[in-house]
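**Student:** A predicted structure for the sequence below; I have some questions about it.
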Amino acid sequence: MLAANFLLLAAVLFCIGVFGVIARRNAVMVLMSIELVLNAVNLNLIAFALMNDDVDGQVFALFVIAIAAAEVGVGLAMVLLIYRNRRSISLDELSELKG
Amino acid sequence: MSDTDRDALVSDSGSDAVTAVSLLAQSVSDGNVNVAQNIGFGLIAAVMIFAALCVVTTKNVVHAALWLVIVLGGVAAQYILAAAEFVAVSQVMVYIGAVMVLFLFGIMLTRAQIGAEDGLNNQGWQVGIPVGVVLFGLLSYVVLDAFGDDTLAEAPLTGANNEATVDIADRVLFQYLAPFFGMTFVLLAAAIGAIVLARKD
């Protein structure tokens, strides 16, 4: 099996995730797109682990999974706080810091 | 190489596709391609790409979360194909079990409306299409240039009987012990921070 199979699939998922981050306005949808990007990276790590016959890549993938879980927890708490204060989670309305 | 990947390559840039197809033909003639593994990979990859496109294009937030479950399950299946059983099980437990529940709670707590709705996309969301296509062209060129003819090991990592899982445990608790401790503190801080942020006082 070619290593490029996994790497190209991960590239497709990564680009779809980047498109979602750019295109979506709803904060929860942006978080979902970030999950797509993180999974693409994990797929790459697993493919490299198999290619080099070394489990270091799998260890890194486990670390990424753990950090992603923490990121989603904090991110959704922030989204909830924004919704409670503003009754909306549209990201383009959060422009107070714009100069 | 899956059909979807090849279609994407053809639509993206012709020379990359020619390179990929010639590489595929070369590896088939070498006789080092496991046909069943490739067919399984291609089917799961096609489902994953379709579901991922649905995640970023659907107009229903709950449907997007459910499509995301399919993508995450497909990623877990690819991990099993790549002989990473422990990571696959962790993926199912953490992502499909915990993160998806968090997402559904987030949707329910921030949205009274369940159903299709407009205004999920930005004004200039079309800008994302060329960005994604150009990024994919760049990534696929780099991948095919650097790893185009590398093959993955047929056998599981380092022999029989799930030694990969034992190796993971050894490395996490010996070589990567300091990052592991750091990660536990990050998780603790994230949990406390999420509680403090979301608490009503």
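**Tutor:** Received it, and whenever you're ready, just let me know what you need.
**Student:** residues in contact with residue B:68?
**Tutor:** Counting by CB atoms under 8 Å, 6 or more residues apart in numbering or on different chains, residue B:68 touches A:32, A:35, A:36, B:51, B:55, B:100, B:103. Bear in mind the C-beta positions are built from the backbone N, C-alpha and C, glycine included.
**Student:** does the second one really touch residue A:72, like I thought?
**Tutor:** So the one you mean is residue A:35. Yes: under the criterion of CB atoms under 8 Å, residue A:35 makes contact with residue A:72 at 7.2 Å.
**Student:** Could you check chain B and say which of its helices or strands has the lowest average pLDDT?
**Tutor:** Every helix and strand in chain B was compared by mean pLDDT, DSSP states H and E; the lowest is helix B:3-12, with a mean of 47.
**Student:** What about the contacts of residue B:68, which one has the most neighbours?
**Tutor:** Comparing the contacts of residue B:68 on neighbour count, residue A:32 comes out first with 28 neighbours (neighbours: other CB atoms under 10 Å in any protein chain shown).
**Student:** From residue A:11, how far off is that one?
**Tutor:** Per CB to CB, to the nearest Å, residue A:32 is found 19 Å from residue A:11.
**Student:** Give me the neighbour count for residue 88.
**Tutor:** No chain was given, so I picked chain A. 13.
**Student:** my question was about chain B
**Tutor:** 21.
**Student:** Check which residues of the helix or strand containing it are buried.
**Tutor:** Assigned by DSSP states H and E, residue B:88 belongs to helix B:85-91. For helix B:85-91, the buried set under the neighbour-count rule, 16 or more other CB atoms under 10 Å in any protein chain shown, comprises B:85, B:86, B:87, B:88, B:90, B:91.
**Student:** And for stretch A:71-91?
**Tutor:** Buried residues in stretch A:71-91 (16+ other CB under 10 Å): A:71-80, A:82-83, A:89, A:91.
**Student:** hmm, back to that, joint contacts of residue A:35 and residue A:72?
**Tutor:** residue B:99.
**Student:** and residue B:128, how many neighbours?
**Tutor:** Counted with other CB under 10 Å, residue B:128 comes out at 22.
**Student:** actually residue A:62, not the one I wrote
**Tutor:** Neighbour tally, residue A:62, other CB under 10 Å: 23.
**Student:** try residue B:46
**Tutor:** There are 17 residues near residue B:46, going by other CB under 10 Å.
**Student:** got it, and residue B:84?
**Tutor:** 30.
**Student:** And it, how far from residue B:58?
**Tutor:** 30 Å.
**Student:** List the contacts of the residue positioned nearest the centre of chain B.
**Tutor:** Central residue of chain B (CA atoms, centre = their mean): residue B:75, 5.0 Å from the mean position. By CB under 8 Å, 6+ apart, the residues touching residue B:75 are A:39, A:42, A:43, B:48, B:91, B:95.
**Student:** Since that was my last question, I'll sign off now.
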